[in-house]
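Asker: okay, here's the prediction I keep looking at, along with the sequence it came from:
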Amino acid sequence: MATLTPMMQQYVKIKEEAKDAILFFRLGDFYEIFFDDAITASRELEITLTGRNAGLEEKAPMCGVPYHAAEGYVQRLIEKGYKVAICEQVETPGESKGMMRREIVRVVTPGTLMESRALGEKSNNYLVCVTRSHGMTAIAACDLSTGDLHVTSAPESEEWLKGEVGVYQPVEAIGDAQLLQLLESQIAPLERRLVCTPWEKGKEDGAREQFGEASWARLDEERRVCVARLFAYLAETQKRALGQLTKISVYEPNHYMILDPFTRRNLELTETVRERSKKGSLLWLLDRTKTSMGARTLRRWIDKPLLQRGTIEDRLEAVEYLHRDLILRGDVQEALREIYDLERLVGRVAFGSANGRDLIALRDSLIQIPALKSVCLNSGSQTLAATAQRMDECADLAEAIAAAITDEPPVSVRDGGLIRKGYHEHLDQLREASVNGKRWIAELEAEERRITGIRSLKVGYNKVFGYYIEVTRANLAQLPEGRYERKQTMSNAERYITPELKEKESLILEAEEKMADLEYGLFLELREQVAERIPRLKALAERVAETDVYQAFAEASAEKSFVRPQLHDGYDLNVDNGRHPVVEAVMEGGSFVANATDLAEEGANIMLITGPNMAGKSTYMRQVALISIMAQIGCFVPADRASVPLLDRIFTRIGAADDLVGGQSTFMVEMADIQVMTQQATKDSLIIIDELGRGTSTSEGMAIAQAVIEHVHESIGCKALVSTHFHELAHLEESLPRLRNYCMAVRESGDKVTFLRKLVAGAASTSYGIYCARVAGLPGSIIDRAYGLLQGFEQAAAEVAVGQTSGISAPKNSASASEPTLSKIEDEESYAQQTVDSVKQTDMIREESSPLESAVDDTVAHSTLQEPKDIAAVPSDEVVQLSIFGDDERPAKSAHTAPAKEDLKVKKMLQRVRDVDVMNMTPLQAMQILNELKLEAQRL
Ligand SMILES: Nc1ncnc2c1ncn2[C@@H]1O[C@H](COP(=O)(O)OP(=O)(O)OP(=O)(O)O)[C@@H](O)[C@H]1O
């Protein structure tokens, strides 16, 4: 039987330690990859797959990458979701007999990347560990590149876990297999990608030692378990000291507003729903930070609005000073501009990869601190002064670096040229020796020419023979006897040496070698000094980042005319002329229409908003949520005045892009969300539901919507904004004392509808669905027919309503409540059956089209409708609700007889037309559906 070669035996043994990673096996100047790893890597990296004799009958598949270019390849594999184990030769050639020793020196994983090229400057790169112990679920989130480590825990709850992990947008997760499964199914589809590794090993002693007895003692049991596991994973993959991990930031979940992953996405806090880009998000709007640390902190703040009023007021106080004092703001910005990414610099120092340039960047950053500090101390703001007071200038370090490192050091730390003259006596002597030696040699040429009289004589150098004197063949006769020793014969010349030349040469070479070693040693010493100050530097970075966020808030607030919100511990939320900050920012010409909000414990706390598509309902509801979030992160808000309570949670159910998860239908997702909401919302929460109950048949949807609204009203008592297409729900205002109807005002003139974007009291009377269909270009005959049918339906519904109590009641039996309107229009049995079928089919069509409703494209659909030229110019008394069916506009009343089969088709068609939710579609989807409708219409 064939046996593996000794080297391949070594490979196989090492590969055992890194089964889930691609093993880069160092052989000379290459990392070689073998067997299945080679097949995967050659495919993913598009490199040639070859074979190597491994002692087996067939060659082992192999591919390789040069060691100096490995970083890029490793990165590409990591980006594709692989882990890479780096195996190095850990002894120099010839050190021992036989096979050279090799070991895995590091396993690179998505969550443990240190190479800055692969890391987003303005975002963290989190690895999370999730564990279950002592009846609790714990989360530890770590960014190894900055040394950030956050830990928290809560009584076991999947909802909580999903929400909390989502905050970190992790790229990698480890811990309990079961919890990871949950994350894989729930978080991974929302985040870019999540590499999960079940991990049971803990290293409590190691972690305790790392973070110190005192901070360990403060951790609850379940948090210790979690941190210990995370630490074990890091220790095992990184195989080196992790000096950047100095502090555990412990927090309690109830210190922050809870925002579940959907709410964060729906409100577009850090990225947009559709493109998933930062542009168009709240983060994008507010990011006026000058440093990467500031940018990362801003993102964290936006993801975690505060619940302690004192801390929020502190932030607002700093923002206020910076907001009103332009010069102060300018000075702070100026000082921040020159500060590099201290956190990542520190990370590289701890990791051992910081070079001379990193230390110079550190020096330059530290030099700015006194100026920043003094500006903040003299700002008048207590918050800024307190932050500045805690800024450790680390002046000793700045001086040490300035004294040691040259201004423009090379990238490499091993080849010299790093250390300043005058820093180290022996180094200076060596330099002197080298310089003198070189000068002596430079002078030698002239001297020998003079002595020999040979003008073409020259002194040269090559790697094999070192320095030599070269004389051309033609001049050999002129050489004085015995002066030189022949070393090398060339075709046209002879090369000679002299003992003195050799002496100088060894002096120079020795000096240069020693110099490089000495410089490297001195550099490492200095880097070690920096490493000792990592906790101080990290604390400084935190303060700088905070200051940066304050000035960013102030800058954005000044530019966008935001005002300082008044926070209070009560219930009521009052906003005068509130705006949606991002919609406003992207709209040209400042035409955003501001709207007020008044939600009061003693008055109305539920707003039921009706109105046609595109009227601005979603924008308004999101704006209320955003104003609260901005206030609770300590930023000014887009309004003329805002008095806001501390919300413990914002819950949104906005029908956009929410059916991404697990292929569930929109309706199922909606119901699951509502279930969570009913369980978790408290009186201090804000609930926002857009298009409640739209995923199912009209009557069932309406019934569910009513039941949910009643529950919010009666049992939860929180503030709620609910939009609905069901105008019929307006009657709830009569039975629910704390609910008020609102609608978005619309003005009609002739056959044009103008959206005024103004919120007014009262309910909307129509949804303008057919109007939208006309604007979308459906044939006139269909539109006329649709109006005729609609009139018939309305009449029939009115007749039916006469015999019923007002409004609809929660259905006791959904079967009986599922087809009230259509089935009652006709009494013919066969027609009733057809109608039931048609309703069912309509429902199916809705189900099918639900994914189309998952994305919002306002702009294209928007542009198909007439817009007001100048909204501000619309007199307020014109802001009234009119029926689109002005008598003169309405088509002649058609005789309403028992409908023929065609009518049924038209009804179905009409139903679809009414259901088309153009605003919630991408342009492509809208075009597709409109084409379909046109074709169908032509067939009719
Ligand atoms: N207050 C406002 N001032 C100016 N323009 C606005 C305002 N509110 C919304 N808009 C514009 O109208 C567009 C549609 O708004 P929005 O999506 O909120 O409508 P909607 O009533 O929720 O519609 P749908 O029911 O179809 O979802 C927005 O993209 C924005 O461009």
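Answerer: Cool, the structure landed. Bear in mind that the values here come from a model prediction, so they are computed numbers and not experimental data. Numbering: from 1, shown residues only.
Asker: ranges for the helices of the stretch 601-750 of the chain?
Answerer: 617-633, 666-680, 698-711, 732-735 (DSSP state H, counting those that start in this stretch).
Asker: wondering if the longest one reaches the ligand at all.
Answerer: So that's helix 617-633. Yes - using C-beta under 6 Å from any ligand atom, helix 617-633 comes into contact with the ligand via 617-619. Glycine gets a C-beta too; all of them are placed from N, C-alpha and C.
Asker: re the thing from before, present the helices of the stretch 601-750 of the chain as JSON lines; the columns should include mean pLDDT.
Answerer: Below are these laid out as JSON lines (pLDDT from 0 to 100):
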{"stretch": "helix 617-633", "mean pLDDT": "96"}
{"stretch": "helix 666-680", "mean pLDDT": "78"}
{"stretch": "helix 698-711", "mean pLDDT": "82"}
{"stretch": "helix 732-735", "mean pLDDT": "90"}
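Asker: just these: most buried one?
Answerer: helix 617-633 (a mean of 25; mean count of other C-beta atoms under 10 Å).
Asker: that one: how far from the chain's middle?
Answerer: 20 Å (C-alpha atoms, centre = their mean, to the nearest Å).
Asker: what of stretch 50-69?
Answerer: 39 Å.
Asker: what is the least confident helix or strand in the protein?
Answerer: helix 820-825 (a mean of 28; mean pLDDT, DSSP states H and E).
Asker: contacts only, for the closest residue to the ligand within the stretch 251-400 of the chain.
Answerer: Residue nearest to the ligand within the stretch 251-400 of the chain: residue 280 (11.3 Å; C-beta to the nearest ligand atom). By C-beta atoms under 8 Å, 6 or more residues apart in numbering, residue 280 lies in contact with 268, 272, 582, 586.
Asker: try 10 Å
Answerer: Residues near residue 280 by C-beta atoms under 10 Å, 6 or more residues apart in numbering: 268, 271-274, 582-583, 585-586.
Asker: that one - that's part of a strand, no?
Answerer: No - Residue 280 is assigned coil when assessed by DSSP: H, G, I helix; E, B strand; the rest coil, not a strand.
Asker: can you tell me if stretch 564-575 touches the ligand.
Answerer: No - Stretch 564-575 lies apart from the ligand when judged by C-beta under 6 Å from any ligand atom; the minimum separation is 13.0 Å.
Asker: which parts of the stretch 251-400 of the chain are strands?
Answerer: 258-259 (DSSP state E, counting those that start in this stretch).
Asker: which residues of the stretch 651-800 of the chain lie near the ligand?
Answerer: residue 757.
Asker: what's the closest non-adjacent residue to residue 202?
Answerer: Leaving out its chain neighbours, the residue that sits closest to residue 202 by C-beta to C-beta, 6 or more residues apart in numbering is residue 228, at 3.9 Å.
Asker: ok, the one you found to residue 154 distance?
Answerer: Distance of residue 228 to residue 154, given as C-beta to C-beta, to the nearest Å: 19 Å.
Asker: dihedrals phi and psi, the closest residue to residue 498 other than its chain neighbours?
Answerer: Sequence neighbours aside, residue 484 is the residue nearest to residue 498 in space, at 6.0 Å (criterion: C-beta to C-beta, 6+ apart). Dihedral angles of residue 484 (phi, psi; degrees, to the nearest 10) stand at phi -120, psi 160.
Asker: show me what contacts residue 484?
Answerer: Applying C-beta under 10 Å, 6+ apart, the residues contacting residue 484 are 448, 452, 468-469, 471, 494-498, 501.
Asker: quick one: it from the ligand, how far?
Answerer: 89 Å (C-beta to the nearest ligand atom, to the nearest Å).
Asker: adding neighbour count, distance to the ligand and secondary structure, write the contacts of residue 484 out as a markdown table.
Answerer: Listed next are these as a markdown table, based on neighbours: other C-beta atoms under 10 Å; distance: C-beta to the nearest ligand atom, whole Å; DSSP: H, G, I helix; E, B strand; the rest coil:
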| residue | neighbour count | distance to the ligand | secondary structure |
| --- | --- | --- | --- |
| 448 | 21 | 86 | helix |
| 452 | 17 | 90 | helix |
| 468 | 22 | 80 | strand |
| 469 | 24 | 83 | strand |
| 471 | 20 | 86 | strand |
| 494 | 19 | 87 | strand |
| 495 | 18 | 82 | strand |
| 496 | 19 | 86 | strand |
| 497 | 18 | 84 | strand |
| 498 | 16 | 87 | coil |
| 501 | 20 | 82 | helix |
